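In: Need the 3D shape of this:
(2 chains)
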Amino acid sequence: MGEESGGERPESFRDFKDSFFYGSRTDLNFKFLEHLTVEEASAFFRDLLAALAGAYDTGRWQRVLEFVRRAQGVAYAGAGRWRYEDRPRAALARPLNEATIALITSTGHFVEDRDPAPLGADGMTQEEAVRRIRDFLAAEPTLSEIPVDAPASRLRVRHPGYDIQGVRADRNVAFPVDRLWELADDGRIGGVHPTAWSFVGACAQLPLRNRTGPAWVRRWKEESFDAAVLVPV
Amino acid sequence: MCHVSVGHVARLLEASGTPTVIIAVEAFRDRLEAMRPPRLLTTPQWMGRPLGRPGDVGTQRKVLEKALELLESVT
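Out: Predicted coordinates for the structure are as follows:
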């Protein structure tokens, strides 16, 4: 897991690339390096440096950003462990411009005075959350209610699984409540449900699927929204 | 794991009769598709910013509109 080897064994390239994944060089934008083979990660660094030099000469920095984005895709390619054959599908009961839309995200947002205190810890910092990623992955998630008219200044975010800098700079990158309001104002949707919900998606999956999730859905059935926009990170 | 959690929530909501649409970065496409979510929009963004970069209101809005159109297109 990328811990320093204490001098007995020189750090290998594998150690180095894996250390970005909850190790001595934790970086949630680049933790995907752990999912790459040594050969893939080696090519990533070589080509990244070449892309940087190319961008200096051409000014096309967007290509560097695209290069990193594609590498993230390589790292997560493939079906993974959770596969289903059936595709449950409900229909929208009314036209979109009459429908009330709810926002549900796994971004770890909450309102400042309603900290969900994950893992029983009061006032957990982002750094502590990252350190405790394994505890999060073993625990059932807590659902936070967020009034959609809560000002951005009262919104907090904490999550052990992704870089929150983007969403801190602008909540709409993963919690698009302002964009939903605008679409309601323009008449594209009927309205925004007054409550949004968020939880930390890095959690125990079987309890979520079999117990927590069904309980949330029973609760949501009591609410009057026609459809939900779901945003994972 | 975040994308898997949302895949599970989407499946549960749909089974209960509430339509959903997921907006996720392309990196998660394979893993989300394997969960057979009813409607999925993937975007060419870095992880953690599925709607677009901070302050890019135009992109964020287009992504959201496209996602909402998926809700309407499936009956």
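In: In the chain, spot the helix with the most residues.
Out: Picking chain A for this. For chain A, the longest helix by residue count, based on DSSP state H, is helix A:38-58.
In: Sorry, I should have been clearer: chain B.
Out: Chain B, longest helix under DSSP H: helix B:57-73.
In: Just the buried positions in that one, please.
Out: B:59, B:60, B:61, B:63, B:64, B:67, B:68, B:70, B:71, B:72 (16 or more other Cβ atoms under 10 Å in any protein chain shown). (C-beta placed from N, C-alpha, C; glycine too.)
In: and whatever residue of chain A ends up closest to chain B, how many residues sit next to it?
Out: Across chain A, the shortest distance to chain B (Cβ to the nearest Cβ) belongs to residue A:201, at 3.0 Å. With neighbours defined by other Cβ atoms under 10 Å in any protein chain shown, the count for residue A:201 comes to 28.
In: separation between it and residue A:139?
Out: Distance, residue A:201 to residue A:139, using Cβ to Cβ, to the nearest Å: 12 Å.
In: tell me the contacts of the residue of chain A closest to chain B?
Out: A:106-108, A:141, A:159, A:161, A:232-233, B:1-6 (Cβ atoms under 8 Å, 6 or more residues apart in numbering or on different chains).
In: quick one, phi psi at it?
Out: Main-chain dihedrals, residue A:201, degrees, to the nearest 10: phi -70, psi -20.
In: And the helices in chain A?
Out: Using DSSP H, helices in chain A cover A:13-18, A:38-58, A:62-76, A:126-131, A:133-138, A:165-169, A:177-185, A:205-207, A:213-221.
In: a markdown table please, covering the ones you listed and showing mean neighbour count, mean pLDDT and distance to chain B.
Out: Output for these, formatted as a markdown table (neighbours: other Cβ atoms under 10 Å in any protein chain shown; pLDDT from 0 to 100; distance: least, Cβ to the nearest Cβ, whole Å):
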| stretch | mean neighbour count | mean pLDDT | distance to chain B |
| --- | --- | --- | --- |
| helix A:13-18 | 18 | 98 | 17 |
| helix A:38-58 | 13 | 97 | 14 |
| helix A:62-76 | 16 | 95 | 4 |
| helix A:126-131 | 16 | 98 | 13 |
| helix A:133-138 | 16 | 97 | 6 |
| helix A:165-169 | 18 | 97 | 4 |
| helix A:177-185 | 18 | 98 | 5 |
| helix A:205-207 | 14 | 95 | 6 |
| helix A:213-221 | 16 | 98 | 5 |
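In: Number of residues surrounding residue A:96?
Out: 20.
In: That one - nearest residue in space that isn't next to it in sequence?
Out: residue B:72 (4.7 Å; Cβ to Cβ, 6 or more residues apart in numbering or on different chains).
In: Chain neighbours aside, what residue packs nearest to residue B:28?
Out: residue B:3 (4.1 Å).
In: Sorry, slip of the keys, the one I care about is residue A:202.
Out: Leaving aside its chain neighbours, residue A:202 sits nearest to residue A:161 (4.0 Å; criterion: Cβ to Cβ, 6+ apart).
In: Verify the stated contact: the one you found with residue A:133.
Out: Yes. The pair formed by residue A:161 and residue A:133 meets the contact definition of Cβ atoms under 8 Å, at 6.9 Å.
In: With just CA atoms, put stretch A:37-47 into CSV.
Out: Presented in CSV, the C-alpha positions along stretch A:37-47 are these (Å, rounded to 0.1, in the frame of the first residue of the first chain):
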residue,chain,number,x,y,z
THR,A,37,-0.1,-2.2,-14.1
VAL,A,38,3.5,-1.3,-13.7
GLU,A,39,3.8,-1.0,-17.5
GLU,A,40,0.6,1.1,-17.8
ALA,A,41,1.8,3.5,-15.0
SER,A,42,5.2,3.7,-16.5
ALA,A,43,3.7,4.7,-19.8
PHE,A,44,1.5,7.2,-18.0
PHE,A,45,4.4,9.1,-16.5
ARG,A,46,6.4,9.0,-19.7
ASP,A,47,3.6,10.3,-21.8
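In: Right, I'll leave it there.
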